[in-house]
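**Student:** Need coordinates for the below:
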Amino acid sequence: MDARHTFDFLTNPERFMAFSRWAAPWLGGLSAAAAVIGLTLTFMVPEDYQQGDTVRMMFIHIPAASLSMFIYLCLGIASLLSLVYRHVLADLAAQACAPIGAVYTVLALITGSLWGRPMWGTYWVWDARLTSVLVLLLFYLGYMALRGALEDEQKAARSAAILALVGVINLPVVKFSVDWWNTLHQGSSTFFADKGDHLPAVYAWPAAFMALAYLGGFGALWLVRIRALVWRRKARSLSLKLAEGAR
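**Tutor:** This next block holds a predicted model:
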C-alpha cells in the first residue's frame, strides 16, 4: 500500500466518524478530570519566594501558550496534507482547529499580561516572545478571515492553506525567541532536573495535569468541530442534490 492509499485509509470519513463518536467524549472526560485535579493542586501549592501567589498563574498560562503553538502546528500539517492529497477531511481538520487555536492564543496573551503586570510592572511590552505570539494570533485570524472572504470554497481552502504554511515559519521564532534575543520573558522550564531550569515537583505535578487538561480539551473540541463540518458538508451536498432534482 503506497503513501496515498495509506493516507486515504486513515482519513476515510466513515472511519473517522465512527472513531470520533466515542473518542471525543472520552477526551472530554479526561480533560475534565485532569482539570479538576490540576486546579485543586494549583490552589494547594505554596507561594513562590519571589512571585508570591502570582505563581499560580503559571498553571493557566503555560499550557495555553504551549497549546497555541501545538495547535498551529496541527493546522500547518493538516493544511499541507490538504494541498498535497487534496483530501476533504484534512481540509476540514485544518478549518476546525483554527478557531480553537485562536482562543488558546488569546488566553495565553491575556494570562501572560495578567502575570506580567506584577512581575514587570506593565501589562504589555514589545518583547520578542509577546510580539511573536501576537503575530501567531494574527495568522490564526488571517486564516479564518481568508476562508470566510472567498466564495469559491476550493480557492478559499487552498489560499488559506498556503497562508497557514507561511505562518509555520513563526513557530520557531515563538519557541526560541527567549534564547535568540535578550527578552524580559523568562526562559523555558522543564520537568527534568538535569536539563536546563527545572520545576520543583510541587509545581511540576499541577503543571502536568493542567497541560493534560488543555490537551484533552483541544482533542475533544477538535473532533467535535470536524464532525460538525462533515455533517454540514453532507447537508449542503444533499440540499444541492434536492434542488437539482426539483428542477
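
**Student:** what pLDDT does the residue nearest the centre of the chain get?
**Tutor:** The centroid of the chain falls nearest to I71 when counting by Cα atoms, centre = their mean (2.7 Å). On the pLDDT scale, I71 is placed at 97.

**Student:** Likewise for Y214?
**Tutor:** pLDDT for Y214: 97.

**Student:** For this protein, which segments are assigned as helices?
**Tutor:** 3-10, 13-44, 58-85, 88-120, 128-149, 153-167, 170-180, 201-245 (DSSP state H).

**Student:** which residue packs closest to L39, ignoring adjacent ones?
**Tutor:** Computed as Cβ to Cβ, 6 or more residues apart in numbering, the closest residue to L39 that is not its neighbour in sequence is M210, at 7.6 Å. (Glycine included, C-beta is placed from N, CA and C.)

**Student:** between the helices of the chain, which one is nearest to Q51?
**Tutor:** Q51 lies closest, by Cβ to Cβ, to one member of those: helix 88-120, at 6.8 Å.

**Student:** Okay, now the unreliable bits of the chain?
**Tutor:** 1-11, 48-50, 52, 181-199, 237, 240-247 (pLDDT under 70).

**Student:** Might one say that V230 is in contact with A18?
**Tutor:** No. Using Cβ atoms under 8 Å, V230 is not in contact with A18, being 11.8 Å away.

**Student:** More neighbours: these two, which one.
**Tutor:** Using other Cβ atoms under 10 Å as the criterion, V230 and A18 rank with V230 on top: 19 against 11.

**Student:** what separates that one from L92, distance-wise?
**Tutor:** According to Cβ to Cβ, to the nearest Å, V230 stands 6 Å off from L92.

**Student:** ok, now G116?
**Tutor:** Distance of G116 to L92, computed by Cβ to Cβ: 37 Å.

**Student:** more crowded one of these two?
**Tutor:** Each of G116 and L92 has its neighbours counted (other Cβ under 10 Å); L92 has more, 24 against 21.

**Student:** Run through who's touching stretch 35-50.
**Tutor:** For stretch 35-50, the surrounding residues in contact (Cβ atoms under 8 Å, 6 or more residues apart in numbering) are 53-56, 59, 202-203, 205-206, 208-210, 212-213, 217.

**Student:** Mind doing that once more with 7 Å?
**Tutor:** Stretch 35-50 is contacted by residues D53, V55, R56, F59, V202, Y203, W205, P206, F209, M210, A213 when judged by Cβ atoms under 7 Å, 6 or more residues apart in numbering.

**Student:** Neighbour count added to those residues, as JSON lines?
**Tutor:** Listed next are those as JSON lines, based on neighbours: other Cβ atoms under 10 Å:
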{"residue": "D53", "neighbour count": "12"}
{"residue": "V55", "neighbour count": "18"}
{"residue": "R56", "neighbour count": "19"}
{"residue": "F59", "neighbour count": "24"}
{"residue": "V202", "neighbour count": "11"}
{"residue": "Y203", "neighbour count": "21"}
{"residue": "W205", "neighbour count": "19"}
{"residue": "P206", "neighbour count": "22"}
{"residue": "F209", "neighbour count": "22"}
{"residue": "M210", "neighbour count": "24"}
{"residue": "A213", "neighbour count": "22"}
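
**Student:** Perfect, that will be all.
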